[in-house]
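Asks: Build me a model from this:
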Amino acid sequence: MIANQTPADEYREIAGRFTALVEGVPDDATWDRPSPVPEWAARDVVDHLVTWFPGFLSGGADVTLPQGPPVSDDPVAAWRTMSDGVQAVLDDPASAEKMLVNPHIGEVPLPRAIAQFFTGDVFLHTWDLARATGQDETLDPQRCAMMLEGMAPLDEILRSSGQYGPKVDVGDDADVQTRLLAFIGRDPR
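Replies: As a prediction, this is how the structure comes out:
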């Protein structure tokens, strides 16, 4: 998280960018374009975010997010409904007192859990959606550097989780966005 930024502010910024990309998809056919994630189309990037996180929150913190239409019917409304619900949770002062409990991570304050597990996922998938839909792929270099620095020591754990592909060799002189994407298994070329 950027210094002096709350989890609510961070999510507002990152999800705002992702929302702009979702809303910027020019037509229904573009949703079927392949994404950088193997076997996923652009629509699947949104579907991944909309489907995994509500269960994580309800199972770990007894928080129920609003459910929009299926992504297959309306990816924009599906994303907006769920994302607006996440923002409402983060904006609610009572959320600061709630804990998320998970057998893999233990007990974590709810806002921190959202920032750590979901906001970061939205940030990384922003590139996937932008690449798949032909929109601006530029990610915040400061946030890229922070994520790469935080993830690099966890290389073995992250790779063994199955969430990330093998690292892609891009060379030490590559910019920080390229190095981050290569670290998580994306080929930015």
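Asks: what comes up buried for the top helix by length along the chain?
Replies: For the chain, the longest helix by residue count, based on DSSP state H, is helix 42-61. Neighbour-count burial for helix 42-61, with 16 or more other CB atoms under 10 Å as criterion, is recorded at 42-50, 53-54, 56-57, 60-61. From N, CA and C alone the C-beta is placed, and that goes for glycine too.
Asks: after the lowest-mean-pLDDT helix or strand in the chain, next one along is what?
Replies: Among the helices and strands of the chain, helix 155-160 carries the lowest confidence by mean pLDDT, DSSP states H and E, at a mean of 66. Counting by DSSP states H and E, the next helix or strand C-terminal to helix 155-160 is helix 176-183.
Asks: now the chain, which segments are flagged as low pLDDT?
Replies: For the chain, the stretches flagged by pLDDT under 70 are 1-3, 155, 157-163.
Asks: I'd say residue 89 and residue 115 touch.
Replies: No: between residue 89 and residue 115 there is no contact under CB atoms under 8 Å: 11.6 Å.
Asks: Need the contact partners of the helix or strand just after the longest helix of the chain.
Replies: Sequence order places helix 75-91 as the next helix or strand after helix 42-61, per DSSP H and E. For helix 75-91, contacts defined as CB atoms under 8 Å, 6 or more residues apart in numbering pick out 6-8, 11-12, 15, 18-19, 22-23, 25, 31, 43, 46-47, 49-50, 53-54, 57, 63, 65-71, 95, 110-111, 114, 118.
Asks: same deal with stretch 139-158?
Replies: 1-2, 14, 120, 123-124, 126-127, 164, 167, 175-177, 179-180, 183-184.
Asks: swap the cut-off to 10 Å and go again
Replies: With CB atoms under 10 Å, 6 or more residues apart in numbering as the test, stretch 139-158 has contacts from 1-3, 10, 13-14, 17, 116, 119-120, 123-124, 126-127, 130, 138, 160-161, 164, 167, 175-185.
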